[in-house]
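1. Predicted coordinates and the sequence they were generated for:
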Amino acid sequence: MSTARNVGIILVLAALVAFIPGGGTTAAVIGAVLSTLILVALVFFVARLYREHRLDLEGLGDRWRGLLYGAVGVAILAMAARPRLSETTGGTLVWVALLGGASYSVYLVWRRYRRYE
């Protein structure tokens, strides 16, 4: 019964967006607000994670910490450039290569962190 109710709510909201004048604009504003809230929550999560593991990051050494921060920066830039890079096949391959390289770099840093010295 709850599934039918939820489907009905979604259908009513879709009809409002489709048939009320300005419904698409309102939906775009609500989507932008939700997207911003998700981004803010992610930033707070990463900041807390950084504060909790600051000593571990300092223990990595300059080279490995630089590799980690560089990989995170490349991943952020690749995600920001995704709409333009995905317009061509070559751009899509570059995007995949950037994310793959960043992921592999984070893996190498994690493996270094887990290694017993």
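-> Yes, it's here. Numbering: from 1, shown residues only.

2. Do I have it right that Leu68 meets Leu60?
-> Yes - contact criterion C-beta atoms under 8 Å: Leu68 and Leu60 qualify, at 7.0 Å. Using the backbone N, CA and C atoms, a C-beta is placed for each residue, glycine as well.

3. Of the two, which one has the most company?
-> Leu68 (20 against 15; other C-beta atoms under 10 Å).

4. residue contacts, that one?
-> For Leu68, the contact set (C-beta atoms under 8 Å, 6 or more residues apart in numbering) comprises Leu57, Leu60, Ser105, Val106, Val109.

5. circling back: give the residues shared as contacts by Leu68 and Leu60.
-> The contact sets of Leu68 and Leu60 overlap at Val109 (C-beta under 8 Å, 6+ apart).

6. circling back: including distance to Phe45, could the contacts of Leu68 go into a markdown table?
-> Listed next are the contacts of Leu68 as a markdown table, based on distance: C-beta to C-beta, whole Å:
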| residue | distance to Phe45 |
| --- | --- |
| Leu57 | 16 |
| Leu60 | 21 |
| Ser105 | 21 |
| Val106 | 16 |
| Val109 | 19 |
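
7. Dump the residues you listed to CSV, plus pLDDT.
-> Output for the contacts of Leu68, formatted as CSV (pLDDT from 0 to 100):
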residue, pLDDT
Leu57, 87
Leu60, 88
Ser105, 96
Val106, 95
Val109, 93
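
8. how close does Ser105 sit to Val74?
-> From Ser105 across to Val74, the span is 8 Å (C-beta to C-beta, to the nearest Å).

9. Which one of the two is surrounded by more residues?
-> Set Ser105 next to Val74 and count neighbours by other C-beta under 10 Å: Ser105 wins out with 19 against 16.
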